[in-house]
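*Asks:* sharing a model prediction with you, sequence too.
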Amino acid sequence: MSAYETLALFIDGTWRTKGREGKFETVTNPATEQPLGRLPHASPADLDEALAAAAKGFATWRAMPAYDRARIMKRGADLVRERAPAMARILTMEQGKPLAEALGEVNTSADILEWYAEEGRRAYGRIIPGRSPGSRQMVVREPVGPVAAFTPWNFPVLTPMRKIGGALAAGCSIILKASEETPGSAVALARVLADAGLPAGVFNLVFGVPARVSEHLIASPVIRKITFTGSTAVGKLLARQAADGMKRATMELGGHGPVIVFDDVDAEKVAKLTVGGKFRNAGQVCISPTRFFVHEAVFDRFVDSFATAAAGLKIGNGLEDGVQMGPLANPRRLEAMEGFVKDAAERGARIVTGGKRIGNQGYFFAPTVIAEPPRDARVMNEEPFGPLAPVVRFRTFEEVVARANELPYGLAAYAFTGSTSRATAIADALESGMVGVNNLAVSLPESPFGGVKESGYGHEGGAEGLDAYLVSKFVAQAPAL
Ligand code: NAD
């Protein structure tokens with residue numbers, strides 16, 4: 001039985017188990033509601049030291065050739081793989097997801113770091129033909145500068161790694177404020193980076209009162225780029241603060257992913273596949289399949305199969321064998337689920353399965369299927385971020401496209417069809433940063449991940465993910481006078 005992490009701040013290559021003001025908060029296991037550890041908060045003085053370290057770390061890291069940076073990052077990826085079983089346990093203890101899912105997340109994070117290590121060696125510029133003999137016109141790509149990154153609690157290893165990977169590959173230093181509810185995973189990541197040989201100050205980890213930390217870091221002239229994953233409301237707040245300093249920003253915000261099931265597919269097979277996707281991480285995923293639109297010809301069959309599979313999932317402490325869905329990550333989600341279900345039922349929807357909290361210790365909520373909630377039900381408009389699957393019927397292609405696109409979100413969308421022409425037509429019609437056709441795998445290290453509309457701007461992953469941390473410099477060079 002491995003232990004939980006020793007929680008600490010990591011500033012300028014040094015661990016601090018206590019911030020300068022001596023403030024702490026308790027971290028709780030969502031499956032047992034038992035305390036896991038005491039998390040130190042960074043005081044303004046600690047944050048200023050992290051900023052100074054990031055400025056110094058940036059000078060060191062940007063001067064190191066991309067080839068050497070890549071070697072350190074690859075060593076980091078190997079260390080993550082080596083430590084994956086222990087890191088996954090820490091993740092499950094503090095966040096709740098089943099151990100197998102946590103292990104998958106940690107291993108994918110190693111892939112992300114390795115992929116960025118390679119991609120950092122391809123930060124190519126270009127030569128533009130000169131206007132006069134002997135002249136060169138060059139575009140060089142440079143790191144944007146020290147980065148302030150803010151990450152949430154639902155993917156406490158993977159989301160930080162996306163930001164760390166992109167920033168390090170480009171030659172940037174980074175201050176990460178990871179979620180205070182899942183800090184052990186971020187501390188384990190910091191240990192990996194330190195042990196891989198990352199120079200002091202290049203990566204710094206802080207915790208505190210989120211709004212105070214973000215305000216302090218974003219206002220600092222040291223920080224040149226902000227990257228945030230979380231809710232649209234907080235994203236808008238941070239984007240405004242970034243605009244005040246004319247700082248670049250990447251915003252990975254909420255979603256409300258439509259899933260369109262046409263009548264030319266095996267509805268039972270689609271139901272089985274999408275149950276796996278819907279209840280992964282208890283639905284606390286920004287690209288979760290969320291609003292199910294099912295053609296009326298296959299609606300009843302789909303709902304029956306989906307509800308049967310959902311009701312058959314094994315729910316429990318993620319550390320136990322065979323558990324397929326863990327608790328929600330915090331009591332706020334539990335309250336939110338109860339509110340969504342009550343509202344839908346009051347408006348005439350049918351709760352086919354679930355709809356309730358399970359037990360009274362741990363934040364467990366039953367996988368829930370809500371048939372035919374009306375258009376104005378809250379669950380059809382606000383991101384549920386939990387194990388709820390509202391399912392409604394549709395008749396025509398035009399009608400379902402209009403429904404799928406009617407919300408201000410545009411992160412992930414999914415469609416299932418047996419027709420190639422319909423697959424192309426629906427992928428073209430959906431207003432979404434990512435579209436999965438006949439599958440749910442839209443998040444890979446090598447592919448761009450990001451939203452449109454109020455789901456945010458910018459990308460992580462793919463060539464775009466490196467681009468997010470680079471700026472272009474034009475050099476016009478003429479022969480000596
Ligand atoms: P929240 O909106 O208060 O927090 C979301 C995240 O942002 C948390 O990690 C929090 O620590 C951080 N945060 C909050 N205020 C901040 C600030 N001023 N500066 C920097 N970081 C800040 O609420 P919550 O209860 O944690 O989550 C509620 C909703 O957030 C969910 O319903 C979901 O819609 C969204 N969410 C989205 C993602 C995602 O992956 N896009 C992840 C977590 C939560």
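*Replies:* All right, it came through fine. Residues are numbered from 1 along each chain as shown.

*Asks:* what residues does the chain put near the ligand?
*Replies:* Contact residues, the chain versus the ligand (CB under 6 Å from any ligand atom): 150, 152-154, 179, 210-211, 214, 229-231, 233-234, 237-238, 252-254, 286, 332, 383, 385. For glycine as for every other residue, the C-beta is placed from the backbone atoms N, C-alpha and C.

*Asks:* so what's the nearest residue to Leu9 once chain neighbours are set aside up against?
*Replies:* Nearest non-adjacent residue to Leu9, counting by CB to CB, 6 or more residues apart in numbering: Arg16, 4.4 Å away. Residues near Arg16 by CB atoms under 8 Å, 6 or more residues apart in numbering: Ala8, Leu9, Phe10, Pro40, Asp46.

*Asks:* over to Arg121?
*Replies:* Applying CB under 8 Å, 6+ apart, the residues contacting Arg121 are Ala66, Tyr67, Ala70.

*Asks:* how far does stretch 305-319 stretch from one end to the other?
*Replies:* Using CA to CA, to the nearest Å, the end-to-end distance of stretch 305-319 comes to 28 Å.

*Asks:* residues making contact with it?
*Replies:* Contacts for stretch 305-319 (CB under 8 Å, 6+ apart): 31-32, 89, 92-93, 96-99, 101-102, 267-268, 271-272, 274-275, 278-279, 292, 322-327, 352-354, 358, 362, 364, 366-369, 389, 391.

*Asks:* of these, buried ones?
*Replies:* When neighbours are counted using 16 or more other CB atoms under 10 Å, these contain these buried positions: 31, 89, 92-93, 96-99, 101-102, 267-268, 271, 274-275, 278-279, 292, 323-327, 352-354, 362, 364, 366-369, 389, 391.

*Asks:* give me the subset of those lying in helices.
*Replies:* Of the positions in the buried ones among the contacts of stretch 305-319, Arg89, Thr92, Met93, Leu99, Glu101, Ala102, Ala267, Glu268, Ala271, Thr274, Val275, Lys278 sit in helices, assigned by DSSP state H.

*Asks:* for stretch 302-319, buried residues please.
*Replies:* Residues 302-303, 305-310, 313, 315-319 are the ones in stretch 302-319 that count as buried (16+ other CB under 10 Å).

*Asks:* any idea of the pLDDT on the residue of the stretch 1-150 of the chain found nearest the ligand?
*Replies:* Distances between the stretch 1-150 of the chain and the ligand by CB to the nearest ligand atom are smallest at Phe150, namely 4.4 Å. At Phe150, the predicted lDDT confidence score is 98.

*Asks:* where does this protein dip in pLDDT?
*Replies:* Low-confidence regions of the chain, defined by pLDDT under 70, span residues 1-2.

*Asks:* tell me where it has helices.
*Replies:* Remark: helices assigned in the chain by DSSP H are 44-63, 66-95, 99-119, 158-170, 183-196, 210-219, 232-244, 267-278, 299-311, 331-346, 397-404, 420-429, 462-467.

*Asks:* any idea which residue is closest to the centre of the chain?
*Replies:* Nearest to the mean C-alpha position of the chain, counting by CA atoms, centre = their mean, stands Thr159 at 4.4 Å.

*Asks:* distance of Gly235 relative to Thr274?
*Replies:* Counting by CB to CB, to the nearest Å, the separation of Gly235 from Thr274 is 27 Å.

*Asks:* again, but for Thr60
*Replies:* Going from Thr60 to Thr274 by CB to CB gives 47 Å.

*Asks:* could you do Pro479 as well?
*Replies:* Distance, Pro479 to Thr274, by CB to CB: 64 Å.

*Asks:* just want the residue of the stretch 51-200 of the chain that's nearest the ligand.
*Replies:* Relative to the ligand, the nearest point of the stretch 51-200 of the chain is Pro152 (3.4 Å; CB to the nearest ligand atom).
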